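[1] Return a 3D structure for these sequence lines:
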Amino acid sequence: MSSITPEERRMIEEAISQGRVEKVPTGQSGEVVSKVYGPGRRRNMARIAKIRRMALACMNDAQIAEAIGVSQKAVSNTRYRYGIESGLAKRRKRMV
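    Numbers count the residues shown, from 1 in each chain. Have a look, this model is predicted:
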């Protein structure tokens, strides 16, 4: 680990004197405060339903992605996350 330059030391001391940060006494650990995150991004249920219908119609991920305007990886991730079988697998089952 590199040592602190005189300029960095000056900036730290300035921040402490202005009250922007607190100096933790030697031998003590600082209090760790974790960020609180919200519930996350809302599910786009309309998009999930479209992907499900298109997969049932035996469309592959590339075709679905082009039709709804997202990446092929986004379609693949959505299918995986919501347990939607791929259109390619359905097409193969029909051929057998």
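[2] which regions of the chain sit below the pLDDT cut-off?
    Scanning the chain for pLDDT under 70 picks out 1-2, 29-38, 90-96.
[3] Please enumerate the helices of it.
    Using DSSP state H, the helices of the chain run over 6-17, 45-56, 61-68, 72-82, 87-95.
[4] Which neighbouring elements make contact with the shortest one?
    This means helix 61-68. In terms of contacts (3 or more Cβ pairs under 8 Å, 6 or more residues apart in numbering; DSSP states H and E), helix 61-68 is packed against helix 45-56, helix 72-82, helix 87-95. Heads up, the C-betas are built off the backbone N, CA and C, glycines and all.
[5] Please repeat the previous calculation with a cut-off of 6 Å.
    Counting contacts by 3 or more Cβ pairs under 6 Å, 6 or more residues apart in numbering; DSSP states H and E, helix 61-68 packs against helix 45-56, helix 72-82.
[6] And the first one, by the same measure?
    Using 3+ Cβ pairs under 6 Å, 6+ apart as the contact criterion, no secondary-structure element is in contact with helix 6-17.
[7] in that helix, what counts as buried?
    Buried residues in helix 6-17, counted by 16 or more other Cβ atoms under 10 Å: none are found.
[8] The shortest one too?
    Along helix 61-68, these residues count as buried under the neighbour rule (16+ other Cβ under 10 Å): 61, 63-65.
[9] I'd like these laid out as TSV, including distance to Gly87.
    Compiled in TSV, those are given as follows (distance: Cβ to Cβ, whole Å):
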residue	distance to Gly87
Asp61	8
Gln63	8
Ile64	7
Ala65	12
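[10] ok, those vs Ala49, which is closest?
    The nearest member of these to Ala49, counting by Cβ to Cβ, is Ile64 at 12.1 Å.
[11] pretty sure that closest one contacts Ser76?
    No. Using Cβ atoms under 6 Å, Ile64 is not in contact with Ser76; the gap is 9.4 Å.
[12] wait, which of the helices and strands packed on helix 61-68 is closest to Ala15?
    Ala15 lies closest, by Cβ to Cβ, to one member of the helices and strands packed on helix 61-68: helix 72-82, at 42.1 Å.
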